[in-house]
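Novice: Predicted model and sequence follow; I will ask about them next.
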Amino acid sequence: MDLKRTSFVDPSLRSIADKIASEQALSLDDGVALFASRDLHGIGRLANFVREKLHGDKTYFNRNRHINYTNVCALSCKFCSFYRKRGEAGAYEMPVEQVIDIAKRAAQGGATEVHIVGGLHPWLKFDYYTDMLSGIRRECPDLHIKAFTAIEIIHLSRISHMSIRDVLIALRDAGLGSLPGGGAEIFDDRVHDEVFKGKVRADRWFEVHRTAHSLGIYTNATMLYGHVETVAERVGHFIKLREHQAESLANLPACFNCVIPLSFIPEQSELGYLPGPTGLTDLKTLAIARLMIPNIAHIKAFWIMQGVGLSQVALDWGCDDLDGTVVWYDITKREGGGGTTHQELHLADIQRLIREAGRVPVERDTLYREIRRDPGTDRLIAPAPALV
Ligand code: SF4
């Protein structure tokens, strides 16, 4: 597509298109203008231009299993419907053996990744976490362990009295492969103080990720949108990610792999009175993430949060990744789902969704290396398991 010749219903997209064509970074004002524009198809064409320049028609997914080892949490974030206090109905903590067993069954079923996050449990000792990682590593040497948000890492630093760097080294030595990038919420102190008080602010979140990158540990980055933030604060979040990524790319051995904008689900949270984002907000936010952050390779439509249908549409609005099979996800569940946390997409369904959108499904590992399997046995041929 020749962006210079593309016409837009909204003339304000013209100057933005020219910047994108000449690979100039978009400004805060550009991002706000994109959110203000009603030319949804124009925004989609721009985001699709960047998406196809980076990835063509390839659309990535992986075979993964989410494990939420505990919902007991010392904090009580207003937007969170997941946490429980110890002893409260529904509170749980999985013994290490249970986590290892789930990981083992996932690996036997063909998963290449476990994605492990939980609440900030006040009584679990640091050994619990290292035992969990080393146990999975021992039982499933080829499984990539993506685990712990920045706030969990800071919690581990507090309970172990170790620096963030030493915590990450200890976790890496026990088997940690990468960080999933949750807990970023919105990188803005006003929003933070209104709804995320008690959680770490942006500077500490970036400190954890920068330290991980300095140790060669790749990470992802989320954004929780559609609650009390303004569109300017959303755009500011993207710009901060772009700037930190530029630093990591220039100076550090690892960086951010993927941005995952998460659509806020108000049900069962203290912010349940808010309406939550609409489908148009979801599509625009995903597309504008693609446009504002061209230096992070992948933008994920996380089907659990945006819904399967909209995630499929988002493949034309800048997204090149659909996450994976997931299986169980306790953090959020939409009303009408029968209250279950069993949220699974089968491999054939993911591939069908991608093909139906005119894209090419590509199974990847956590670090976005393309996976090849023996069609007869389903066993991994590449990348070699030793690299996982
Ligand atoms: S968002 Fe995380 S830190 Fe906050 S209450 Fe929920 S589980 Fe705890």
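Specialist: Great, that's in hand.

Novice: how about low-confidence regions in the chain?
Specialist: For the chain, applying pLDDT under 70 flags the ranges 326-343, 384-388.

Novice: which helix is the longest one in it?
Specialist: helix 231-251 (DSSP state H).

Novice: now it, how far from the centre of its chain.
Specialist: 15 Å (CA atoms, centre = their mean, to the nearest Å).

Novice: touching the ligand at all, whichever helix or strand comes after that helix?
Specialist: Using DSSP states H and E, the helix or strand that follows helix 231-251 in sequence is strand 256-263. No - contact between strand 256-263 and the ligand is absent, the nearest approach being 11.4 Å (criterion: CB under 6 Å from any ligand atom). C-beta here means a position set from N, CA and C on the backbone, and glycine is covered the same way.

Novice: Restrict the next helix or strand after strand 256-263 to CA atoms and write it as PDB.
Specialist: Where DSSP H and E defines the elements, the next helix or strand beyond strand 256-263 is helix 279-292. C-alpha atoms of helix 279-292 as PDB (Å, rounded to 0.1, in the frame of the first residue of the first chain):
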ATOM      1  CA  GLY A 279     -15.700  -2.500  20.700                       C
ATOM      2  CA  LEU A 280     -14.700   0.700  18.900                       C
ATOM      3  CA  THR A 281     -12.500   1.700  21.800                       C
ATOM      4  CA  ASP A 282     -10.900  -1.800  21.700                       C
ATOM      5  CA  LEU A 283     -10.200  -1.600  18.000                       C
ATOM      6  CA  LYS A 284      -8.800   1.900  18.100                       C
ATOM      7  CA  THR A 285      -6.600   1.300  21.100                       C
ATOM      8  CA  LEU A 286      -5.100  -1.800  19.500                       C
ATOM      9  CA  ALA A 287      -4.500   0.000  16.200                       C
ATOM     10  CA  ILE A 288      -3.100   3.100  17.900                       C
ATOM     11  CA  ALA A 289      -0.700   1.000  20.000                       C
ATOM     12  CA  ARG A 290       0.600  -0.400  16.700                       C
ATOM     13  CA  LEU A 291       1.100   3.100  15.300                       C
ATOM     14  CA  MET A 292       2.600   4.800  18.400                       C
END
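
Novice: Hey, what's the angle from helix 279-292 to strand 256-263? Just curious.
Specialist: If you take axes from the mean of the first three to the mean of the last three CA atoms, to 10 degrees, helix 279-292 sits at 160 degrees to strand 256-263.

Novice: helices and strands around the next helix or strand after helix 279-292, which ones?
Specialist: Toward the C-terminal end, the helix or strand that comes next after helix 279-292 (DSSP H and E) is strand 298-299. Applying 3 or more CB pairs under 8 Å, 6 or more residues apart in numbering; DSSP states H and E, one finds that strand 298-299 contacts strand 256-263, helix 279-292.

Novice: Dump these to a markdown table, plus mean neighbour count.
Specialist: Shown next, in a markdown table, are the helices and strands packed on strand 298-299 (neighbours: other CB atoms under 10 Å):
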| stretch | mean neighbour count |
| --- | --- |
| strand 256-263 | 24 |
| helix 279-292 | 24 |
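
Novice: Return the residues of the stretch 1-150 of the chain in contact with the ligand.
Specialist: Cys73, Leu75, Ser76, Cys77, Cys80, Phe82, Tyr83, Gly119, Leu120.

Novice: what residues are up against the fifth one?
Specialist: This points to Cys80. Cys73, Ser269 (CB atoms under 8 Å, 6 or more residues apart in numbering).

Novice: helix or strand for it, which one?
Specialist: If you go by DSSP H and E, Cys80 is not part of any helix or strand.

Novice: Buried residues, the longest helix of the chain. List them.
Specialist: 231, 233-242, 244-245, 248 (16 or more other CB atoms under 10 Å).

Novice: same check, this time on stretch 122-142
Specialist: Across stretch 122-142, burial judged by 16+ other CB under 10 Å covers 124, 126, 128-137, 140.

Novice: Pull the residues that contact that stretch.
Specialist: So stretch 122-142 is contacted by 69-70, 72, 74, 86, 93, 96-97, 99-100, 103-104, 106-107, 112, 114, 116, 143, 145, 147-148, 156, 159-160, 162, 170-171, 174-176, 380, 385, 388 (CB under 8 Å, 6+ apart).

Novice: Do a quick rundown of the helices in the chain.
Specialist: So, for the chain - with DSSP H - the helices run 13-21, 28-36, 40-55, 96-108, 126-139, 150-160, 164-174, 189-195, 202-214, 231-251, 279-292, 303-306, 308-313, 347-356.

Novice: buried sites along the last one?
Specialist: This means helix 347-356. Leu347, Ile350, Gln351, Leu353, Ile354.

Novice: just those now: which is nearest Asp316?
Specialist: Ile354 (11.7 Å; CB to CB).

Novice: my guess is the closest one meets Ser311, correct?
Specialist: No - Ile354 is beyond contact range of Ser311, at 10.1 Å (criterion: CB atoms under 8 Å).

Novice: Please identify every residue contacting each of the two.
Specialist: Leu322.

Novice: Up against the ligand, what does the stretch 151-300 of the chain have?
Specialist: Neighbours of the ligand within the stretch 151-300 of the chain, by CB under 6 Å from any ligand atom: Ile151, Lys199.

Novice: give me that answer again for 8 Å
Specialist: By CB under 8 Å from any ligand atom, the residues of the stretch 151-300 of the chain that approach the ligand are Ile151, Gly182, Gly183, Phe196, Gly198, Lys199.
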